[in-house]
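> Structural data only, the sequence is not supplied:
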């Protein structure tokens, strides 16, 4: 093999090694870090064709509307509990800490946490979108049953 | 009427972008000098009419013309004037117009700052930039015009600018970021022009380099300020969320970083030519991909963005055209490129090549992490999210090899290096770095994790090798500090910046402490060495909001350190509630307070953070940007001056 070929071989091998290890590591890390998204109905009734339900202890994300009147703050601590709904059953979220500014009853939020009882989630993160009219996309779909509904005029503030 | 003039003006800009993309290119192909020489005039006209259009958008915003839909939904009468100006890029349509303004602005600057380029190249570069301008202007006119009217029923009061965007950071962040994105289109145009001419030589790399550096500089500043804004404004104490919108800006940055390194090799050594071209194409393609991700509504993100499949398909088609076209051209032409010089395995070339490889792997990881959830969803497999831990873990794996190289690279020579020349320096650096790392961490902190150890070690390693290299250069070549040249200083400044970022990220991730408490007025709470006394709240009234400020006095060893006002604002128009964090910033630590909800009996929820070394991240970003400035001040790039001196000849 002439030096030029040899160098090219070396180059190609190194590139393959780089990309290969990147993808390998990615897949490995993904196994631990993918969180499935559920709506309250999917959590209770199962998700997809096989009606798969999450297991107790599973890390997941859930999105829904905060049920009006369901937010209960503990008198002594920063513990808070509220219920989420989309179209069917209710799911209880427990959280310790300060809720985001845009968290309000009757509005959409996404919580990330661990399933501790079949319908109770211990959340470690509660997110409300930057926008006050926010409804998580999946919930919007579940509620309306319409895919890709185009807004009449976009009153969102775009962000940056 | 005036808004229609804005639209009309943009239409005229479109006409000039068509002229610009056609005439000079035809001229270049046919060798017609007059056609080629038309390029600067078209470029200038394109920019002027876009500028008029943008000026009109600012004007209709300032006069509160709520018949214009964009103004009605992004501004209000009570908004301070500077935020009214900001609101012109606070939403999708205006942001796109700003993008167009910058695109045509860069084109105009290139047109007039490239006088020393041969017309063959100059005309082609401008023509390609004109074509890109054409794409963006067309997109604005057809899909997202900010001049649409709400007639006959229009609101008396506007919808107001999202309070989150009412922040000084937001005034400068998007323009800087877009300057960076759009600047990459210049490197792209140079690469494509060089491919078209089949002349991939050092000259092309030399011309392209300062432009790429400028784009990278703006991108670096934009990302740094974006991160600082998120930290100061969002009240969650974080600085990077690995959100698709953030990732969209990080990917071009990573590739652009690879590009400026590989351009250096191409210019100095004449190798990596086709690779450099590929990077230039990739960097710009990633900005388009980012635009697609952010603007098409394909993502479920905490950042709010527009949802419109039509817009998504336009950008996707444009992306396919640009990427497909340039890759096709690349495939046809790149094979003919020959590298002129040789190098051994232990050389600066190989070190830089490995640096490029690692940066591309990093980009690939971000790309996978960002796109997988979307692909997953589009395939009907349900919604997944790929969390922050994934990205953190992957970037941690990349840190060690990258930082090791970064310390080693500057010490290596071009072509080849004997290992024995390095051993003394390397062993010295390793020992000193280890000693300092262990001594510092174990004397200052109780728990030292492997991650922290690795992070701090490599931050110090990079800094120390910079010092060693500097001392080495000064002692060996007998050079004085002033003789070392801009590229030398730029390189080391940027590398020190990287070290600062790593140090900041590592220490703040490892040793930040957080406390969320329920406090009554007069109550005191302790976190680490500081105690915080909640004095109560007082009412505040702003121009377009009302609210409360939680007053907190901070003590350390019975001594008063500072008094902080953490605000909770409610904006008049949208009734939106916003947290304005109070920050006591020092190089060694930030005390960060955010006021939570009002609880029963006058108590409030309070969030307290102590974040050690968090400033170092942004300081690092600023150092990297400074490196870009130093590089660009290099005499070699002051082309006008050099051309003038060449012309004067004897006098110079």
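Okay, I see it. None of the values given here were measured: they were computed from a predicted structure. Residues are numbered from 1 along each chain as shown, chains lettered A, B, ... in the order given.

> all helices for the stretch 551-652 of chain B, in order.
B:615-632, B:639-648 (DSSP state H, counting those that start in this stretch).

> Hmm, I typed the wrong one, I wanted the stretch 401-550 of chain B.
With DSSP H, counting those that start in this stretch as the criterion, the stretch 401-550 of chain B has helices at B:419-444, B:450-476, B:486-511.

> Can you list the low-confidence ranges for the stretch 201-350 of chain B?
B:296-309, B:337-340 (pLDDT under 70).

> Who are the packing partners of the biggest helix by length in chain A?
Counting residues, the longest helix found in chain A (DSSP state H) is helix A:3-33. Other helices and strands packing on helix A:3-33, by 3 or more Cβ pairs under 8 Å, 6 or more residues apart in numbering or on different chains; DSSP states H and E, are helix B:348-378, helix B:388-408. C-betas here are computed from N, CA, C, even on glycine.

> Compare these and give me the one nearest residue B:464.
helix B:388-408 (7.5 Å; Cβ to Cβ).

> does any part of the closest one sit near chain A?
Yes. Using Cβ under 8 Å from any Cβ of the partner chain, helix B:388-408 reaches chain A at B:389, B:390, B:393, B:394, B:397.

> domain parsing for chain B?
B:1-166, B:175-303+B:312-337+B:346-381, B:418-511, B:513-613 (automatic domain parsing).

> Put together CSV for those domains, with mean neighbour count and distance to chain A on each row.
Shown next, in CSV, are the domains of chain B (neighbours: other Cβ atoms under 10 Å in any protein chain shown; distance: least, Cβ to the nearest Cβ, whole Å):
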stretch, mean neighbour count, distance to chain A
domain B:1-166, 21, 3
domain B:175-303+B:312-337+B:346-381, 21, 4
domain B:418-511, 17, 15
domain B:513-613, 17, 4
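
> Looking at these, spot the one closest to residue A:99.
Comparing these by Cβ to Cβ, domain B:513-613 comes nearest, at 6.6 Å.

> From residue B:242, how far out is the residue nearest the centre of chain A?
Closest residue to the average C-alpha location of chain A: residue A:61 at 3.7 Å, with Cα atoms, centre = their mean. Applying Cβ to Cβ, to the nearest Å, the value for residue A:61 to residue B:242 is 15 Å.

> just the strands in chain B please.
B:384-386, B:513-519, B:524-527, B:530-541, B:545-556, B:559-571, B:577-580, B:582-585, B:589-598, B:604-612 (DSSP state E).

> Of all the ones you listed, which one comes closest to residue B:421?
strand B:604-612 (38.8 Å).

> Contacts for the closest one, please.
The set of residues external to strand B:604-612 that reach it, using Cβ atoms under 8 Å, 6 or more residues apart in numbering or on different chains, is A:78, A:97-98, B:235, B:237, B:507-508, B:511-519, B:525, B:527-528, B:530, B:532, B:534, B:537, B:550, B:552, B:566, B:588-599.

> Kindly report the same for stretch A:96-105.
For stretch A:96-105, using Cβ under 8 Å, 6+ apart, the contacting residues are A:66-71, A:77-80, A:82, A:109, A:126-132, A:134, B:235-236, B:516, B:568, B:576-579, B:594, B:596-597, B:605, B:607.

> May I see the buried residues of the stretch of helix or strand residue A:110 belongs to?
Per DSSP states H and E: residue A:110 is located in strand A:108-117. Applying a neighbour-count criterion of 16 or more other Cβ atoms under 10 Å in any protein chain shown, one finds A:108, A:109, A:110, A:111, A:112, A:113, A:115 buried in strand A:108-117.

> Pull the contacting residues for the last one.
When contacts are counted by Cβ under 8 Å, 6+ apart, residue A:115 is found next to A:43, A:54, A:55, A:56, A:57, A:58, A:60, A:121.

> Run through the residues that contact the third one.
By Cβ under 8 Å, 6+ apart, the residues touching residue A:55 are residue A:115.

> pretty sure it is in a helix, no?
No. Assessed by DSSP: H, G, I helix; E, B strand; the rest coil, residue A:55 does not belong to a helix; its assignment is coil.

> With chain B as the reference, measure out to it.
Using Cβ to the nearest Cβ, to the nearest Å, residue A:55 is found at 16 Å from chain B.

> and if you look at the fifth one?
Between residue A:57 and chain B the distance is 17 Å, computed by Cβ to the nearest Cβ.

> Now that residue B:68 has come up, it's in contact with residue B:60, right?
Yes. If you go by Cβ atoms under 8 Å, residue B:68 and residue B:60 touch, sitting 5.2 Å apart.

> what sits in contact with each of those two?
Counting by Cβ under 8 Å, 6+ apart, the residues touching both residue B:68 and residue B:60 are residue B:3.

> from the chain's centre, how far out does the strand holding residue A:110 sit?
Relative to its chain's centre, strand A:108-117 lies at 8 Å (Cα atoms, centre = their mean, to the nearest Å).

> partners of that strand in the sheet?
strand A:59-66 (antiparallel), strand A:120-127 (antiparallel) (DSSP bridges).

> Now tabulate those strands in a markdown table and tack on distance to residue B:418 and mean pLDDT.
Output for those, formatted as a markdown table (distance: least, Cβ to Cβ, whole Å; pLDDT from 0 to 100):
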| stretch | distance to residue B:418 | mean pLDDT |
| --- | --- | --- |
| strand A:59-66 | 52 | 88 |
| strand A:120-127 | 54 | 91 |
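
> For those strands, give me a markdown table that also has distance to residue B:218.
Output for the strands paired with strand A:108-117, formatted as a markdown table (distance: least, Cβ to Cβ, whole Å):
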| stretch | distance to residue B:218 |
| --- | --- |
| strand A:59-66 | 35 |
| strand A:120-127 | 30 |
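
> ranking these by burial, who's on top?
strand A:59-66 (a mean of 23; mean count of other Cβ atoms under 10 Å in any protein chain shown).

> so what are the domain limits for chain A?
A:3-30, A:36-142.

> Lowest average pLDDT across these?
By mean pLDDT, the lowest-scoring of those turns out to be domain A:3-30, with a mean of 77.

> Quick check: buried residues in that domain?
Buried residues in domain A:3-30, counted by 16+ other Cβ under 10 Å: A:18, A:22, A:25, A:26, A:29, A:30.

> residues touching the residue nearest to residue B:387 when sequence neighbours are not counted, list them.
Counting by Cβ to Cβ, 6 or more residues apart in numbering or on different chains, residue B:387 lies nearest to residue A:33, which is 4.8 Å off, once chain neighbours are set aside. Neighbour list for residue A:33: B:386, B:387, B:389, B:390, B:393 [criterion: Cβ under 8 Å, 6+ apart].
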